[in-house]
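Novice: I'll drop the sequence and a predicted model, then ask my questions.
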Amino acid sequence: MTVVGSESGADVSSVTGAPTRPVGRWLVTTMALAQLGLFLALAAPVFVGLAVKVQAVAPGHEVGALGLASTVGAVAAFVANPVFGRISDRTTGRFGRRRPWLVAGVLGLAICLLIIATAQSLTVVVVAWFVGQVSANAALAAHVATVADQVPMFQRGKVAGLLGVMQNLAILGAAYAGKFFSGHVLVLFLVPGLVGLGLMLLFAVVLPDRPLPHRPPREGGLRTVLKTFWVNPRRYPDFAFVWVSRFLLVLASYLFTTFRLLYLQHEFTLSVARATGVMATGVLVYTIALVIAAQTTGWLSDRLRRRKAFVFSATLIFGIGLAMLIGANSLEMFYLAEVVCGLGYGIYMGVDLALVIDVLPDPDDAAKDLGVFNIANVGPQSIAPGLGAVLISVGGSHNYTVLLTTAAAICLVGALAILPVKKVR
């Protein structure tokens, strides 16, 4: 299965050394398609499928049921990503460090999505989503690490921008899957899972994932376990500031997106079918703005060799978009706010991964450290459902103004958190 040679364009002379040669187009293409497939399989449940499913298995308790399922899944992701990142860094065998987890993870996710689609109780949905998130994050930890393994610094902005675009195209695909298949739950869950499986398998075949040349020294004990979830912020302050900034932006984003469908149903008095259609259109204009912004800023940040200014402005712009949702009294205003959010998140996605890799503490522990960083992605997902439900209930049962105001304020703090970074301009 391993493909080794000059066609990939990657410098694979050393398994753990930083790459120096330009990465090939075919490898980047399959890497991007794998990102698309994995996030499509994840986004369909996160943004549409679970919200539809809980209305069937827990009628009258949709907000609480969705918050429970989302929180449990996010906790699973919180733990699984750094754990499997560390395991991936230390995996030996002829299939390489990353490939086994790419395949096993996405296969496990597809099976869990099938179980959720056919579940008849909230308990089964929650347990299957927990296992599905563990599986997905095993694949995700290995996939993100391939960027550090294969892509040299001078290409990371461009590749990171492309991966950001793929992630959000997946969200768009999930929104339209919800629009067309909200009445066919099996199709809504199963098709994205199969697409993710196929595209990840393609990347696994193409990936020049060379095995470790020697078995790493054996580690053990509580200290080693804790190190899996830790990068010393005093020793690596730039990594810590970037982590905090990402955590706050993702928290702000998920405070809204977790409840986006219910927000549309309540604020604009829409049925489930109508709300999924409006959400799909909103995600479409969001994604168009994001694609333009991500591809432009990813290329520009490589040329200018600057990252911080883009991340700072992106976080502010995203916060402005969230604030605009507070006063949205028409669907046109909702769509305009989605465009502004898309521009902000697009600028962010075009640069942030490159910035993160630039400040990684140790290239030999890339997957583990990226797993720690991914806690800034999944940690907010575990907090947002419960926090969002509390904020929505302030002073009443559907207070989305408090929710959105809080999210916008969090974005402002997240923008300020990036300013102390020194290693990267």
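Specialist: Sure, I can see it.
Novice: and Gly414, what does it touch?
Specialist: 244-249, 252, 315, 319 (CB atoms under 8 Å, 6 or more residues apart in numbering). Yep, even glycine has a C-beta here, placed from its N, CA and C like the rest.
Novice: just the residues you listed now: which is nearest Val159?
Specialist: Arg246 (17.9 Å; CB to CB).
Novice: Quick check: buried residues in the helix or strand that closest one falls within?
Specialist: In this structure, Arg246 is located in helix 237-257 according to DSSP states H and E. By neighbour count on 16 or more other CB atoms under 10 Å, the buried set for helix 237-257 is 238-257.
Novice: if we can go back for a sec, now pLDDT and distance to Val402 too, for the contacts of Gly414, in CSV please.
Specialist: Listed next are these as CSV, based on pLDDT from 0 to 100; distance: CB to CB, whole Å:
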residue, pLDDT, distance to Val402
Val244, 89, 23
Ser245, 88, 23
Arg246, 87, 24
Phe247, 92, 21
Leu248, 92, 18
Leu249, 90, 19
Ala252, 91, 14
Thr315, 88, 21
Gly319, 91, 15
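Novice: Same list, the residues you listed, but as a markdown table with distance to Gly414 please.
Specialist: As requested, those are arranged in a markdown table below (distance: CB to CB, whole Å):
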| residue | distance to Gly414 |
| --- | --- |
| Val244 | 7 |
| Ser245 | 5 |
| Arg246 | 8 |
| Phe247 | 8 |
| Leu248 | 3 |
| Leu249 | 5 |
| Ala252 | 7 |
| Thr315 | 5 |
| Gly319 | 8 |
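Novice: Next secondary structure after the helix holding Arg246?
Specialist: Using DSSP H and E, the first helix or strand after helix 237-257 is helix 260-267.
Novice: who's in contact with that following helix?
Specialist: Under CB under 8 Å, 6+ apart, the answer for helix 260-267 is 47-48, 51, 62-63, 66, 178, 256, 270-272, 275-276, 278-279, 328, 334, 398, 400.
Novice: Quick one: distance of the helix or strand just after it to the chain centre.
Specialist: Using DSSP H and E, the helix or strand that follows helix 260-267 in sequence is helix 272-304. The chain centre lies 15 Å from the centre of helix 272-304; the measure is CA atoms, centre = their mean, to the nearest Å.
Novice: Which SSE is immediately downstream of helix 272-304?
Specialist: Assignment by DSSP H and E places the next element after helix 272-304 at helix 308-326.
Novice: how about low-confidence regions in this protein?
Specialist: 1-20, 47, 214-230, 363-368, 371, 397, 424-425 (pLDDT under 70).
Novice: The same query, at a cut-off of 50, please.
Specialist: The model of the chain has pLDDT under 50 over residues 1-15, 221-222.
Novice: for it, what spans make up the strands?
Specialist: Per DSSP state E, the chain carries no strands over any range.
Novice: Spatially central residue in it, please.
Specialist: Geometric centre of the chain, nearest residue: Asn377, 6.4 Å, by CA atoms, centre = their mean.
Novice: Hmm, that one is touching Leu251, no?
Specialist: No: with contact defined as CB atoms under 8 Å, Asn377 does not count as touching Leu251 (10.0 Å).
Novice: shared neighbours, these two?
Specialist: Counting by CB under 8 Å, 6+ apart, Asn377 and Leu251 have no shared contacts at all.
Novice: what separates the spatially closest residue to Leu66 that is not a sequence neighbour from Ala119, distance-wise?
Specialist: Among residues not flanking Leu66 along the chain, Val54 sits closest, at 5.0 Å (CB to CB, 6 or more residues apart in numbering). According to CB to CB, to the nearest Å, Val54 and Ala119 sit 10 Å apart.
Novice: and those two? which has more neighbours close in?
Specialist: Set Val54 next to Ala119 and count neighbours by other CB atoms under 10 Å: Val54 wins out with 23 against 20.
Novice: so the more buried one sits right up against Ala65, yeah?
Specialist: Yes: taking contacts as CB under 8 Å, Val54 lies within contact range of Ala65: 4.0 Å.
Novice: Next, show the common contact partners of the two.
Specialist: Residues touching both Val54 and Ala65 (CB under 8 Å, 6+ apart): Leu122.
Novice: which residues touch Thr297?
Specialist: The contact partners of Thr297, taken as CB under 8 Å, 6+ apart, are 157, 161, 310, 314, 346-347, 350-351.
Novice: Tally up the residues packed near Ile195, please.
Specialist: Slight slip there: residue 195 is Val, not Ile. Val195 has 21 neighbouring residues, counting by other CB under 10 Å.
Novice: Quick check: the gap between it and Leu169.
Specialist: Going from Val195 to Leu169 by CB to CB gives 12 Å.
Novice: likewise Ala142?
Specialist: 21 Å.
Novice: who has more neighbours, those two?
Specialist: Ala142 (34 against 20).
Novice: What residues does the more buried one make contact with?
Specialist: Contacts of Ala142 (CB under 8 Å, 6+ apart): 84-85, 88, 97-99, 101-102, 105, 367.
Novice: any idea how far the nearest residue to Gly173 once chain neighbours are set aside is from Pro192?
Specialist: With sequence-adjacent residues excluded and distances taken as CB to CB, 6+ apart, Gly173 is closest to Leu40, at 5.1 Å. For Leu40, the distance to Pro192 equals 5 Å [CB to CB].
Novice: Look at the two and report which has more neighbours.
Specialist: Pro192 (29 against 24).
Novice: which outside residues touch stretch 198-205?
Specialist: Taking contacts as CB under 8 Å, 6+ apart, the residues outside stretch 198-205 that touch it are 1, 3, 30-31, 33-34, 36-38, 99, 102-103, 106, 139, 143.
Novice: what do you get for stretch 388-404?
Specialist: Contacts of stretch 388-404 (CB under 8 Å, 6+ apart): 63-64, 67, 254-256, 258-259, 263, 266-267, 322-323, 325-326, 406.
Novice: So Asp352 sits against Arg246, correct?
Specialist: Yes: Asp352 is in contact with Arg246 according to CB under 8 Å; the separation is 6.7 Å.
Novice: follow-up on the earlier one: and the residue nearest to Gly173, what does it touch?
Specialist: Contacts of Leu40 by CB under 8 Å, 6+ apart are 170, 173-174, 192, 195-196.
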